[in-house]
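Asks: give me a model of this one.
(one chain, ligands or ions: 3)
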Amino acid sequence: MIKKNPEIIQIFVNNGHNQVFIESSYTQNDRSSKSPEEKVIIFKDLFYHDTITGYYNWNYIWPRIAFFDQYGIQDYSFVYFDIKDFKAVNVIYGHLTANNLLKNITRHMEEMDWVYCSARCDNDNFAMMIKDMPEEETREKLEQFFEGISYLEEDRNYRVYYRCGVVPMRISVEMGNLVADAGKQAKAFGTKPFTTEIIFFTDEMREEQNRAIQLRTYLDCAIERDEFLVYLQPKYDIQTEKIKGAEALIRWAYKGKTMLSPGLFVPLFESGGLIGKIDDIVLKKVCMKLKEWDRQGKPLYPISVNISRKSVGAPGLVDHLTEIVDSYGVDHSLIDFELTESAANDNQDNMIKVIEALYNQGFKISMDDFGTGYSSLSLLPIMHFDTLKIDKSFVDGIGKPAECAKNCAVVKQIVALAKDLNLICLAEGAESKEQVELLRDFGCEVVQGYYYSKPLPVEDYEKLL
Ligand code: C2E
Ligand code: MG
Ligand code: MG
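Replies: Ligands and ions are numbered 1, 2, ... in the order given. Next up, the predicted model:
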C-alpha cells in the first residue's frame, strides 16, 4: 500500500512477517529534486535490493514464494544456502574480498537458467527458487553451481564450501512462505567441515519442525500450568561417599501426561531463543527449595544450575540471575552455575565477562562436559572455574576392557590437570563400581552418576539430606 502526501512519501509494505514502514534518508535529502513517482522508484529499489551486492534481497523473493502462481511459476524447489566459515574469509582476506565473494555468488545465481529467482537474504545467506527436477538432477546441478563459486577471485587456491538445504516442490508448495524455515532446518544438518553439503528436506524433518512449532507455542501455557519440574541428581564425595551437593536437571510433564527429558526440548528452545525462560524457572525452584531447607534447619549443600550456551550473550544476564537469587535471600555460594565450554565457541569474550561477573558475585562456577569442545584447554587458565566436570564420554571408556588403558591415561591426566589448577574434579556419568574405584585411584574428588544415584524428584532428594 502506498500513501502519499506532498512532502513525504510513506510506503507500507508487508514483508511476510510484519507491516514495515520505510522512508530513506536518500529521499529526504533528495526530496526537492525528485518527483513523487521517481521517489517511489527509489524506494522500491532500496526495498528490493541489497546494498552490498546490489542484487535482490529477501523482500524481492518472498512474494514470489507466497504467490508463485501469480508470478507465472508452475512448480519450484526452494534452495537456501550459506558459506561455511565465511568469517575466515573476512578475517584472512578482509571485507573487500569477502564482499567480492558475495557478489560472485549473486552473479552466478543470476546466470543459471534453472533458477527462477534468487536473492541474498542477509549476511552470507542466499535463497533461490529453482526449476523442479528429479532429486539426482537437482543435486547434480547444485554441485556444478557450487563448484563454480568454490574459489576466491583473489586466491584461486582457497576453497570455499557451502551448506545447502533443498525443499522439494511438493513440500515447498504446501509450506508457502514457511518454506524458508524448512530450507534453514535442512541446511543446519550440514555440519561437516571442508566439504560442500546439499541436504534435502524430508517429511521426517517436517514432522520435527511441526513438533518444534507446537512445543514453542505451548511454552507459555506450560509455564502457567507449572508443567516444568526440577529433578536433583546428587553429587557424592568419592572418599567419604557422602552427599556434596546436586545438579538441577529439568523435566517437562508435558500436558500433565508425558514426561519429556531435556534432550527433547532444550535444543528447540535454545534455537528459538526461549531457553532463558526455562533456566529462570529452574533457578527460581532451586532457590525456593534452598530457602525452605534453610528455614527447616536442614544441611545446605550447593546446587548447580545449567546456563544454556545460548544465554551467555544475553545482555544483563548476571544481574538478572543475581536478582533472582537475591529475591529468595539465598547465599550466593550455594548456587553453582554450570557453563559448557562450547559456549565459548559462540563468543569467548562474552563467556569471559559472564564468568568474571559471576565470580565477583560470589557464585560457584563449573565447566560442564569438559573435553567435548575444542576450546577446553585454552579456557582453563583465563577463567575462574571452581569445578571441572569430566564429560561422561571419557568416564564411559574406563573400567571396560577394550581401550581401557588408553582411556584411563586420558582421565588420569585430566584429573591431574584439575588438581594442578586448584579445581575440584568431578566425573560425570559413572555407572559401575569399577569406574568409581578407578576414579578414586586417580584422585578424582566428586562423582555424579547412576552408580550413586539417578536424578531424583525433589522430595526423594530431600529424604537423603
Ligand atoms: P548435563 O548438564 O551434562 O547433565 C548431565 C546429564 O547426564 C543428565 O541428563 C543426567 O541425567 C545424565 N547422567 C548423569 N549420570 C548419568 C549416568 O550415570 N548414566 C547416564 N546414562 N546418564 C547420566 P539429562 O537430565 O537428560 O540432561 C541432559 C542435558 O540437558 C544436560 O546435560 C544439560 O546440558 C541439559 N539440561 C538439563 N537441564 C537443563 C536446564 O535446566 N537448563 C539447560 N539450559 N539445560 C539443561
Ligand atoms: Mg550440567
Ligand atoms: Mg554434563
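Asks: which one's the longest strand in this protein?
Replies: The longest strand of the chain (DSSP state E) is strand 243-254.
Asks: that one pairs with which strands?
Replies: Within its sheet, and counting by DSSP bridges, strand 243-254 is paired with strand 228-237 (antiparallel), strand 258-260 (antiparallel), strand 303-306 (parallel).
Asks: buried ones in that strand, by neighbour count?
Replies: Counting neighbours by 16 or more other CB atoms under 10 Å, one finds that the buried residues in strand 243-254 are 243-252, 254. C-betas here are computed from N, CA, C, even on glycine.
Asks: again with stretch 115-125
Replies: Here stretch 115-125 shows 115-121, 124-125 as buried, counting by 16+ other CB under 10 Å.
Asks: just stretch 358-368 next, same as before
Replies: Judged by neighbour count (16+ other CB under 10 Å), stretch 358-368 contains these buried residues: 358-359, 361, 363-368.
Asks: cool, and stretch 422-434?
Replies: Within stretch 422-434, the residues that qualify as buried are 423-430, counting by 16+ other CB under 10 Å.
Asks: please apply the same query to stretch 436-445.
Replies: Neighbour counts using 16+ other CB under 10 Å place 436, 438-439, 442, 444-445 of stretch 436-445 among the buried residues.
Asks: those residues: which two are farthest apart?
Replies: Greatest spatial distance among the buried residues of stretch 436-445 (CB to CB): 438 and 445, at 14.0 Å.
Asks: give me the helices and strands touching whichever strand or helix holds residue 186, please.
Replies: For residue 186, the enclosing helix or strand under DSSP states H and E is helix 179-187. For helix 179-187, the packing partners by 3 or more CB pairs under 8 Å, 6 or more residues apart in numbering; DSSP states H and E come out as helix 58-66, strand 76-83, strand 162-167, helix 169-175, strand 197-200, helix 203-224.
Asks: closest one to ligand 2 among the ones you listed?
Replies: helix 203-224 (21.2 Å; CB to the ion).
Asks: do the closest one and ligand 1 come into contact?
Replies: No. Helix 203-224 does not reach ligand 1 (CB under 6 Å from any ligand atom); its nearest approach is 13.3 Å.
Asks: same for that helix, what does it pack against?
Replies: With 3+ CB pairs under 8 Å, 6+ apart as the test, helix 203-224 has helix 169-175, helix 179-187, helix 262-271, helix 275-295 packed against it.
Asks: measure how the second one sits relative to strand 76-83, angle-wise.
Replies: Think helix 179-187. If you take axes from the mean of the first three to the mean of the last three CA atoms, to 10 degrees, helix 179-187 sits at 50 degrees to strand 76-83.
Asks: the longest one now?
Replies: Helix 275-295 and strand 76-83 are oriented at 60 degrees to each other (the same axes, to 10 degrees).
Asks: numbering from 336 from now on, please.
Replies: Done: numbering now begins at 336, and the last item shifts to helix 610-630.
Asks: quick one: buried residues of helix 610-630?
Replies: Those would be 610-611, 613-622, 624-626, 628-629, for helix 610-630 by 16+ other CB under 10 Å.
Asks: quick one on the thing from earlier: mind listing which of the buried residues of stretch 450-460 are in strands?
Replies: Judged by DSSP E, those include 450-456, 460 as members of strands.
Asks: and the residues you listed, which is the shakiest by pLDDT?
Replies: Lowest pLDDT of those: residue 456, 93.
Asks: could I get the contacting residues of that residue?
Replies: Residues near residue 456 by CB atoms under 8 Å, 6 or more residues apart in numbering: 392-393, 396, 415, 462, 515.
Asks: as TSV, the residues you listed with neighbour count and pLDDT would be great.
Replies: Shown next, in TSV, are the contacts of residue 456 (neighbours: other CB atoms under 10 Å; pLDDT from 0 to 100):
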residue	neighbour count	pLDDT
392	21	93
393	20	92
396	24	93
415	24	97
462	26	96
515	21	88
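Asks: can you list the residues of the stretch 636-785 of the chain near ligand 2?
Replies: Residues of the stretch 636-785 of the chain lying close to ligand 2 (CB under 5 Å from the ion) are 641, 673, 703.
Asks: ok, and of these, which contact ligand 3?
Replies: Among these, ligand 3 is touched by residue 703 when using CB under 5 Å from the ion.
Asks: what count of nearby residues applies to the nearest residue to residue 741 once chain neighbours are set aside?
Replies: Leaving aside its sequence neighbours, residue 741 sits nearest to residue 732 (CB to CB, 6 or more residues apart in numbering; 7.8 Å). Using other CB atoms under 10 Å, residue 732 has 17 neighbouring residues.
Asks: one more: residue 686?
Replies: 24.
Asks: host element of it?
Replies: helix 683-695.
Asks: what's downstream of that helix, the next helix or strand?
Replies: Sequence order places strand 699-705 as the next helix or strand after helix 683-695, per DSSP H and E.
Asks: need the residue closest to the centroid of this structure.
Replies: Centroid-nearest residue in the chain: residue 606, 4.7 Å away (criterion: CA atoms, centre = their mean).
Asks: what's the separation between the residue nearest to residue 383 when sequence neighbours are not counted and residue 462?
Replies: Leaving aside its sequence neighbours, residue 383 sits nearest to residue 395 (CB to CB, 6+ apart; 4.3 Å). To residue 462, residue 395 is 10 Å away according to CB to CB, to the nearest Å.
Asks: list residues touching both of these two?
Replies: Here residue 395 and residue 462 share the contacting residues residue 454, scored by CB under 8 Å, 6+ apart.
Asks: touching ligand 1 at all, the longest strand of the chain?
Replies: Yes. Strand 578-589 comes into contact with ligand 1 (CB under 6 Å from any ligand atom), by way of 584-585.
Asks: fine by me, we can end here.
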